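**Student:** Quick one, structure for this:
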Amino acid sequence: MTALIALVTAIGLALTPLTAAAPPAAAADLLSQGKPATSSSTENGSIPASAAVDGDTGTRWSSTLQGNGIPAPTTASLEATNGPLTTATYTVPRPVGYGSGTVTYPTTGGSYPGVVLMPGYQGTQQNLQWLAPRLASWGFVVINVGTNTLTDDPASRGRQISAAGTQLLALGNATGNPIAGKVNGTLGAVGHSMGGGGVMAALRDDPRFRAGVPTAPYYPNANFSSVADPTFFLTCESDPVAHGNSYAVPWYNSMSRAEKLYIEVPGDHLCPMTGYGDKAKQGKWIVSFLSLWLRADTRFRPFLCGPVRDGDKNNPSLVTRWMDTCPF
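**Tutor:** A predicted model of the protein is given here:
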């Protein structure tokens with residue numbers, strides 16, 4: 001027995017060098033780490049192309065197409081009544097801080113920026129109803145609101161925009177409703193007349209709103225020089241109520257820190273409302289502006305800056321005044 005134990009021990013010692021773990025190989029250097037990186041689009045500003053090569057396994061880059069399936073826009077697709085995504089609607093059961101709300105949202109998977117639509121004086125959800133499905137079908141969760149009263153002033157409409165944004169985010173974070181998980185936390189707003197003044201108030205006072213489109217905006221004696229978020233003013237050449245020279249142009253000129261777009265088109269004060277104006281062009285500009293600034297989707301930039309947009313900009317029957325801070 002002693003001899004057998006000795007033999008087993010000897011064999012074990014002889015095999016030890018053969019079974020010892022080899023030292024780990026050195027990790028290969030990541031040649032791209034820290035190098036400049038660009039992409040045609042990013043899903044949102046928190047996941048830029050540089051995150052793909054920063055060496056941090058906790059960060060990532062995602063393109064717009066990977067994130068929500070939105071194809072590259074064309075002039076024809078942007079001027080169509082609806083975009084590439086299917087949509088559905090949901091009535092907010094208990095509005096908080098505003099009168100009523102109808103949410104139009106993409107039925108596809110993924111999360112999207114939220115956009116609040118605010119009507120003007122004596123207006124209802126019908127004012128901007130044309131825009132809700134158009135925006136939603138291009139990848140936005142849109143809440144079209146009615147005000148507490150038809151005569152609410154611009155300051156009140158600004159507060160109601162904020163309230164509607166708060167509830168939209170809450171619905172996106174809750175369960176048991178069709179927009180659960182669909183709102184990514186980024187907010188924008190579009191408003192008409194006093195609702196346009198409300199958009200400016202929301203951009204000035206509520207940092208959650210990252211871009212806005214005030215159309216024929218009205219807000220007497222207001223100062224918006226502190227607004228630094230991208231803003232698209234859409235005004236009407238023959239507007240007797242809120243002509244661009246009275247409100248939008250002075251605001252545009254005072255906003256020294258913001259990326260800005262100003263387009264004046266033929267028509268009176270109603271030109272941005274449902275049933276008035278050239279909705280193919282207006283829709284193309286609004287969708288492109290919000291896609292660029294709320295989703296950081298640079299594929300929409302050519303329709304606002306550069307040769308692609310020049311056919312619109314230089315057509316006096318379509319545009320009577322155009323100003324911008326391009327290139328942006």
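**Student:** residues in contact with the residue lying closest to residue 130 once chain neighbours are set aside?
**Tutor:** Counting by C-beta to C-beta, 6 or more residues apart in numbering, the nearest residue to residue 130 once its immediate chain neighbours are dropped is residue 274, at 4.3 Å. Where C-beta positions appear, they are placed from N, C-alpha and C, glycine not excepted. Residue 274 sits next to 126, 127, 128, 129, 130 when contact means C-beta atoms under 8 Å, 6 or more residues apart in numbering.
**Student:** could you flag which of those are buried?
**Tutor:** Buried members of these, counted by 16 or more other C-beta atoms under 10 Å: 127, 128, 129, 130.
**Student:** Which strand in this protein has the most residues?
**Tutor:** For the chain, the strand with the greatest residue count under DSSP state E is strand 183-192.
**Student:** which helices and strands does that strand pack with?
**Tutor:** strand 112-118, helix 154-173, helix 194-205, strand 209-215, helix 279-295 (3 or more C-beta pairs under 8 Å, 6 or more residues apart in numbering; DSSP states H and E).
**Student:** got the buried residues for the third one?
**Tutor:** Which is helix 194-205. Using 16+ other C-beta under 10 Å as the burial criterion, the residues of helix 194-205 that qualify are 194, 195, 196, 197, 198, 199, 200, 201, 202, 203, 204.
**Student:** Mind pulling the model confidence for the nearest residue to residue 215 once chain neighbours are set aside?
**Tutor:** Nearest residue to residue 215, sequence neighbours excluded (C-beta to C-beta, 6+ apart): residue 272, at 3.6 Å. The per-residue pLDDT reported for residue 272 equals 98.
**Student:** Show me the helices in this structure, by range?
**Tutor:** 2-19, 64-68, 75-79, 131-136, 154-173, 194-205, 248-254, 279-295, 307-313 (DSSP state H).
**Student:** Name the stretch among the ones you listed that sits most buried.
**Tutor:** Counting by mean count of other C-beta atoms under 10 Å, helix 194-205 has the highest mean neighbour count of those, with a mean of 28.
**Student:** ok, back up a step: which of the helices and strands packed on strand 183-192 sits closest to residue 51?
**Tutor:** helix 279-295 (16.2 Å; C-beta to C-beta).
**Student:** Compare the helices of the chain and report which one is nearest to residue 230.
**Tutor:** Nearest of these to residue 230, taken as C-beta to C-beta: helix 279-295 at 4.2 Å.
**Student:** got the CA positions of that closest one in PDB?
**Tutor:** What follows is the C-alpha trace of helix 279-295 in PDB, where atoms were taken according to Å, rounded to 0.1, in the frame of the first residue of the first chain:
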ATOM      1  CA  LYS A 279     -50.000  71.700 -45.100                       C
ATOM      2  CA  ALA A 280     -47.600  69.700 -47.300                       C
ATOM      3  CA  LYS A 281     -44.900  72.400 -46.900                       C
ATOM      4  CA  GLN A 282     -45.800  73.400 -43.300                       C
ATOM      5  CA  GLY A 283     -45.700  69.700 -42.200                       C
ATOM      6  CA  LYS A 284     -42.400  69.100 -43.900                       C
ATOM      7  CA  TRP A 285     -40.800  72.000 -42.100                       C
ATOM      8  CA  ILE A 286     -42.300  71.200 -38.700                       C
ATOM      9  CA  VAL A 287     -41.500  67.500 -38.800                       C
ATOM     10  CA  SER A 288     -38.000  68.200 -40.000                       C
ATOM     11  CA  PHE A 289     -37.300  70.800 -37.300                       C
ATOM     12  CA  LEU A 290     -38.500  68.600 -34.500                       C
ATOM     13  CA  SER A 291     -36.800  65.500 -35.800                       C
ATOM     14  CA  LEU A 292     -33.500  67.300 -36.000                       C
ATOM     15  CA  TRP A 293     -33.800  69.000 -32.500                       C
ATOM     16  CA  LEU A 294     -35.700  66.400 -30.500                       C
ATOM     17  CA  ARG A 295     -34.200  63.200 -31.900                       C
END
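**Student:** same for it, what does it pack against?
**Tutor:** In terms of contacts (3+ C-beta pairs under 8 Å, 6+ apart), helix 279-295 is packed against helix 75-79, strand 112-118, helix 131-136, strand 183-192, strand 209-215, strand 231-236, strand 260-265.
**Student:** Compute the inter-axis angle for it and strand 112-118.
**Tutor:** For helix 279-295 against strand 112-118, the angle by axes from the mean of the first three to the mean of the last three C-alpha atoms, to 10 degrees is 130 degrees.
**Student:** Give me the most central residue, this structure.
**Tutor:** Taking C-alpha atoms, centre = their mean, the centroid of the chain lies closest to residue 294, which sits 2.5 Å from it.
**Student:** Could you give the number of residues near residue 122?
**Tutor:** Per other C-beta atoms under 10 Å, the neighbour tally for residue 122 reads 12.
**Student:** wait, residue 327 sits on residue 307?
**Tutor:** No - applying C-beta atoms under 8 Å as the test, residue 327 and residue 307 come out as separate, 11.9 Å apart.
**Student:** picking that back up, export the buried ones among the contacts of residue 274 to TSV and append columns for pLDDT and distance to residue 223.
**Tutor:** Converted to TSV, those look like this (pLDDT from 0 to 100; distance: C-beta to C-beta, whole Å):
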residue	pLDDT	distance to residue 223
127	97	26
128	98	26
129	98	31
130	98	31
